[in-house]
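J.: Compute the structure for the input listed below.
(chains A and B)
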Amino acid sequence: MSRITERFTVLRGQGRKALVPYITAGDPQPQVTVPLMHAMVAAGADILELGVPFSDPMADGPVIQKACERALAAGTSLLDVLAMVAEFRRKDQETPVILMGYLNPIEILGYRSFAEQAAAHGVDGLLTVDMPPEEAEPLAAVCKEQGLDRIFLLAPTSSPKRIEQISALGSGFIYYVSLKGVTGASTLDVDDVSQRVAKIRHYTTMPVGVGFGIRDARSAAQIASIADAAVVGSALVKRIEQYQNRPEVIPEEVSALLRTMREAIDATENV
Amino acid sequence: MPDEKGHFGPYGGRFVAETLMEPIEELRQAYARYRDDPDFQAELEADLAHYVGRPTPLYFAKRWSEQLGGARIFLKREDLSHTGAHKINNTVGQALLAKRMGKTRLIAETGAGQHGVATATVAARLGLECVVYMGAEDIERQAPNVYRMRLLGAEVVPVTSGSRTLKDALNEAMRDWVTHVDNTFYVIGTVAGPHPYPVMVRDFQAVIGREARTQILEQLGALPQALVACVGGGSNAIGLFHSFCKDEQVALYGVEAAGLGLESGQHAASLCAGKPGVLHGNRTYLVENSHGQIIDTHSISAGLDYPGVGPEHAWLKDTGRATYVAISDEEALGAFHALTRIEGIIPALESSHALAYATQLAPTLAPEQGIIVNLSGRGDKDINTVAKIEGISL
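T.: Okay, here's the model as predicted:
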């Protein structure tokens, strides 16, 4: 059983929901990332989503684009990100880590080489935003060989046929994009998300995580009440941006925000 | 011909976020339906004839050919089509399709502004809302075209992220599309992007080569020795090449922007100096660093200043059917001045790259042989750029 599946099984047994923070690796500097990962775990993160910086993050909004620009300016490459995961694993063998990003840095490394190195460095899953299932087979196959979960996106526009196809190809969990738009957008229609998550559950028994548009403790709790995981990105990255000139306080500032989300999620579940 | 998922060999395909997969499939189905629909084709043909001004002439550049000494050079005069570039062929087609699909809003990205102007033009004519994304740097370089778009009623949105040029405008247009998929049609200006765009745009531009083939057989009595066209994304080149692809004796030359020189790293020559990768919805050759990050490109011509290229060109390169070369800013400027002074035609700086390569190629061929150069656009938009280089303020 993969670390991701195991984590969801444990949470389900406890009647709890997963909190999944996203940060861009290397933002604002590579040395901040590993301490920040540990701090987020201490603040109640269940799974970590680590963004691999890319020069052209088309599906992301301005907040994450700027994070990518900062990380790239600080020299962060995909190999550096893998090294960060290995360093994180020295102290934490439990918390699942997912890499999230765009295909091109992986293409240039080669699918097999990437998958082997990712697994060896302690990565648990991969989400490539710009690789729909139609193009995913070669990379998905080597990920499977290496025991990496293949996490796919579903969108409000996904047809039942696609939901079925994507559920069959993916593993770990399904990531439902809560709105038509880019990361960091503001509108979140909880009723709509609730209906669509229910629809997705017709096709898969995999856990369903929801991301895009979760900006504070309240929206995190709302999403956690209808999904298995709440994925929070831009709100945290905005906090990093705010303290980019004082990197030493970033782990505490970001995890303080994350802790409010954790508390709100847990409080909702107790109701 | 690509496979049913839009692959030209290993290139092409659909590499976009899940939100866009259904809209792209909806577009593919709509295009498949109307491509063979007699009513749609009749309307398109009428628009090309009466609005765009087709067929455009194939002009024998006699004086220029004589000066170069060698093959006879013919210019396919896309600069004489409405709005002054080949771009209008494609936007007329896509706008008719958008209208049939019930979309009320067109979005586009533009580098030099030619595609933006062409999109704003068809939007005005069909009464559709139009938003054009343009890099802040390009907005400065191409002020007259920006004003033209605004006159036509389009909203021009400056893009300040990244390198502030065409690739960033494309990212922004994709973000807009993902946010407004219900009512919005994304008019892509070149033979790149996710399937079906590379095929669809090629089909809309193939009119260039169809006409040129008929015209050269009339004027020269034979097929040409070579075709020469500039390549940024590559739509004018594919448009010219398509009808000649099966004529193996016709050499196809795509001319990329070498900028300050391929060795300088300041260029936009993805086929000559790039590597295969994935960007903007397709797998193709890219100008990128060793970590797979897209790097800033440079060309004197905003229209060629793009780090990628259409996937069909990537395949034509790998299969050896077409040859790709690169021409520097300086060489392009030389050709710009030569054609203007010798033939009385001011070419676009994009097209000047193709013209510059023709000046190298023509002397190696015999006087009975012919070369067709695609004069993809007129140079009025570029006179500020050229004047500035020469220290002249207009």
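
J.: And the pLDDT at the closest residue to A:Gly172 other than its chain neighbours?
T.: The shortest distance from A:Gly172 to any residue that is not its chain neighbour, by Cβ to Cβ, 6 or more residues apart in numbering or on different chains, is 3.0 Å, and that residue is A:Asp149. The C-beta positions use only the backbone N, C-alpha and C, and glycine is treated the same way. At A:Asp149, the model reports a pLDDT of 98.

J.: what packs against whichever strand or helix holds A:Arg218?
T.: Here A:Arg218 sits within helix A:217-224, counting by DSSP states H and E. Contacting helix A:217-224 under the criterion 3 or more Cβ pairs under 8 Å, 6 or more residues apart in numbering or on different chains; DSSP states H and E are the following elements: helix A:190-203, strand A:229-232, helix A:250-270.

J.: and residue 218, how many residues sit next to it?
T.: Looking at chain A here, since you left the chain open. Residue crowding around A:Arg218 was assessed by other Cβ atoms under 10 Å in any protein chain shown; the count is 13.

J.: Can you look at chain B instead?
T.: The number of residues packed near B:Glu218 is 9, by other Cβ under 10 Å.

J.: Now for residue 78, how many residues are close by?
T.: All of this refers to chain A. For A:Leu78, using other Cβ under 10 Å, the count is 24.

J.: wrong chain, I was asking about chain B
T.: When counting by other Cβ under 10 Å, one arrives at 31 neighbours for B:Glu78.

J.: and B:Thr323, that's in a strand?
T.: Yes. Remark: B:Thr323 belongs to a strand, assigned using DSSP: H, G, I helix; E, B strand; the rest coil.

J.: what sits opposite it in the beta ladder?
T.: Here B:Thr323 shows beta-bridge partners B:Tyr253, assigned using DSSP bridges.

J.: Test my guess that it contacts B:Val250.
T.: No. Taking contacts as Cβ atoms under 8 Å, B:Thr323 lies outside contact range of B:Val250: 11.8 Å.

J.: between the two, which one's more packed in?
T.: A side-by-side neighbour count of B:Thr323 and B:Val250, using other Cβ under 10 Å, places B:Val250 first with 19 against 14.

J.: quick one: that one and B:Ala222 touch, right?
T.: No. In this structure, B:Val250 sits apart from B:Ala222 without contact. The criterion is Cβ under 8 Å, and the distance is 10.2 Å.

J.: Which residue, other than its chain neighbours, is closest to residue 91?
T.: In the absence of a named chain, chain A is used. For A:Lys91, the closest residue by Cβ to Cβ, 6+ apart turns out to be A:His38, at 6.5 Å.

J.: Can you look at chain B instead?
T.: B:Ala118 (4.2 Å).

J.: so who does the one you found touch?
T.: Remark: with contacts taken as Cβ atoms under 8 Å, 6 or more residues apart in numbering or on different chains, B:Ala118 is in contact with B:Thr83, B:Ala85, B:Lys87, B:Ile88, B:Asn90, B:Thr91, B:Gly189.

J.: ok so, going back, report the buried residues of the helix holding A:Arg218.
T.: Neighbour counts using 16 or more other Cβ atoms under 10 Å in any protein chain shown place A:Ala217, A:Ser219, A:Ala220, A:Ala221, A:Gln222, A:Ile223, A:Ala224 of helix A:217-224 among the buried residues.

J.: No further questions, thank you.
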